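Trainee: Fold the following and give me the result.
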Amino acid sequence: MAATTLFSVLDRSRTREGQDGPRALRDTVSFAQRVEALGYHRFWVSEHHSVPGVAGSAPTVLAAAVAAATSTIRVGTGGVMLPNHQPLVVAEQFGVLESLFPGRIDMGLGRSVGFTDGIRKALGRDRQDADDFPGRLAELLGYFTGTQTAHPQVHARPAEGLRVPAFVLATGKGARVAAEAGLPLVIAAVRGEDAMLRAIEEYRRDFRPSGWSERPYVVLSGTVAVAASTEEAQRLLLSEAWSTAYSRTHGAFPPLMPAEAILATAMSERERTLFDEARHGHLYGTADEVAAGLEKLLARSEADEYLVTTSTYDRGALLDSYRRLAALLGLGAVSAQGVFRK
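Mentor: Sure thing, here's the model as predicted:
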């Protein structure tokens with residue numbers, strides 16, 4: 001019998017208008033508790049350095065707080081940007097997390113570096129560090145298996161001997177790296193659905209079974225908004241869409257704004273174009289509309305898991321969307337029947 005597609009959550013700890021970063025981080029922990037109660041499989045947090053509007057800058061620290069506040073949901077990172085850190089330190093951090101919360105920790109890893117020259121300089125990194133991602137990844141995994149050769153006689157305590165599931169975020173060459181390393185792939189339709197599906201096909205074709213994963217494993221990542229009406233679901237997308245459009249014209253993400261304020265904003269022609277573009281490519285609507293969209297996407301991709309990344313100003317409406325999606329999927333039920341079966 002085919003397995004049921006898993007559904008998980010990524011929260012970026014976005015700040016809201018009138019609220020500060022500490023509030024956003026506390027809200028992330030509280031949100032994880034709600035997500036766990038709804039029956040989602042994983043809860044991941046992200047890494048962004050010196051990005052206005054995003055409070056999530058230390059994912060392993062935040063993951064520890066989330067894991068301590070929950071009891072059953074898997075907790076991880078989406079992801080730790082490996083070019084920003086020494087692999088030994090990352091191994092030690094995840095070794096501590098796995099030791100404290102055994103069997104619940106995931107290690108999502110990305111290859112991005114700071115998005116401005118100033119941030120990269122502060123981190124002691126440059127753009128070229130992303131090119132060494134495969135080597136850093138091999139070293140990191142080697143600390144867990146005791147087989148790394150970059151630094152002989154160096155051992156990661158308490159990571160060595162532990163097995164923390166590792167995932168590769170598909171930015172740039174990430175899909176190929178994941179296939180060659182024999183690791184699960186996390187991918188979004190950043191360049192369009194067709195480009196994403198081609199990358200998945202290549203990943204599956206080139207996958208090399210490893211001690212970390214015997215077969216290809218694909219996690220789709222994207223926005224899903226469910227509401228009582230299509231119009232209400234569309235409103236959920238406005239906060240993030242405007243933040244994206246603003247960032248591309250001003251170089252900074254503003255705190256998420258209420259939908260009413262965004263609709264009353266006088267936008268330049270370029271801002272309007274970017275705002276409209278940012279609202280496309282998402283799954284949104286009533287439960288029936290979202291079910292149809294998910295069925296089509298999952299059938300085309302044959303994904304093993306879907307990582308929901310929805311964010312909006314109104315946390316009550318956001319939680320309601322996740323609640324409606326959980327009900328649609330039958331999360332928390334003994335058997336999740338319906339269209340979401342591969």
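Trainee: Which neighbouring elements make contact with the helix or strand of the chain with the lowest mean pLDDT?
Mentor: Every helix and strand of the chain was ranked by mean pLDDT, DSSP states H and E. The lowest is helix 117-123, at a mean of 75. Contacts defined by 3 or more CB pairs under 8 Å, 6 or more residues apart in numbering; DSSP states H and E place helix 117-123 against no helix or strand at all. All C-beta atoms are positioned from the backbone trio N, CA, C, and that covers glycine.
Trainee: I'd like the next helix or strand past that helix.
Mentor: Once helix 117-123 ends, the next helix or strand along the chain (criterion: DSSP states H and E) is helix 133-145.
Trainee: now for that following helix, which elements pack on it?
Mentor: helix 87-100, strand 166-169, helix 174-181.
Trainee: What residues of that helix count as buried?
Mentor: Under the neighbour-count criterion of 16 or more other CB atoms under 10 Å, helix 133-145 has 133, 134, 136, 137, 138, 139, 140, 141, 142, 143, 144 buried.
Trainee: Can you add pLDDT and distance to residue 270 and give those back as TSV?
Mentor: Shown next, in TSV, are the buried residues of helix 133-145 (pLDDT from 0 to 100; distance: CB to CB, whole Å):
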residue	pLDDT	distance to residue 270
133	91	33
134	93	37
136	94	37
137	96	38
138	96	42
139	97	43
140	97	41
141	97	43
142	97	47
143	97	46
144	97	47
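Trainee: Could you export those as JSON lines, including distance to residue 150?
Mentor: Listed next are the buried residues of helix 133-145 as JSON lines, based on distance: CB to CB, whole Å:
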{"residue": "133", "distance to residue 150": "14"}
{"residue": "134", "distance to residue 150": "12"}
{"residue": "136", "distance to residue 150": "9"}
{"residue": "137", "distance to residue 150": "11"}
{"residue": "138", "distance to residue 150": "8"}
{"residue": "139", "distance to residue 150": "5"}
{"residue": "140", "distance to residue 150": "10"}
{"residue": "141", "distance to residue 150": "11"}
{"residue": "142", "distance to residue 150": "8"}
{"residue": "143", "distance to residue 150": "9"}
{"residue": "144", "distance to residue 150": "14"}
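Trainee: mind showing which ranges of this structure have poor pLDDT?
Mentor: Residue ranges of the chain with pLDDT under 70: 1-3, 50, 114-117, 126-130, 172, 332-342.
Trainee: longest helix of the chain?
Mentor: Ordering each helix of the chain by length in residues (DSSP state H) puts helix 230-250 first.
Trainee: Show me what the next helix or strand after it is packed against.
Mentor: As assigned by DSSP H and E, the chain's next helix or strand after helix 230-250 is helix 259-263. Secondary-structure packing of helix 259-263 (3+ CB pairs under 8 Å, 6+ apart): helix 230-250.
Trainee: Residue 204 against residue 216, yeah?
Mentor: Yes: because the distance of 4.6 Å satisfies CB atoms under 8 Å, residue 204 is recorded as touching residue 216.
Trainee: Please say which of these two ends up with more neighbours.
Mentor: residue 216 (21 against 16; other CB atoms under 10 Å).
Trainee: how about the more buried one, secondary structure?
Mentor: For residue 216, the assignment made with DSSP: H, G, I helix; E, B strand; the rest coil gives coil.
Trainee: list the buried ones in stretch 143-153?
Mentor: Neighbour-count burial for stretch 143-153 [16+ other CB under 10 Å]: 143, 144, 148.
Trainee: now swap in stretch 278-296 and tell me
Mentor: Neighbour count says stretch 278-296 has 278, 279, 282, 283, 284, 285, 286, 287, 289, 290, 291, 294 buried, by 16+ other CB under 10 Å.
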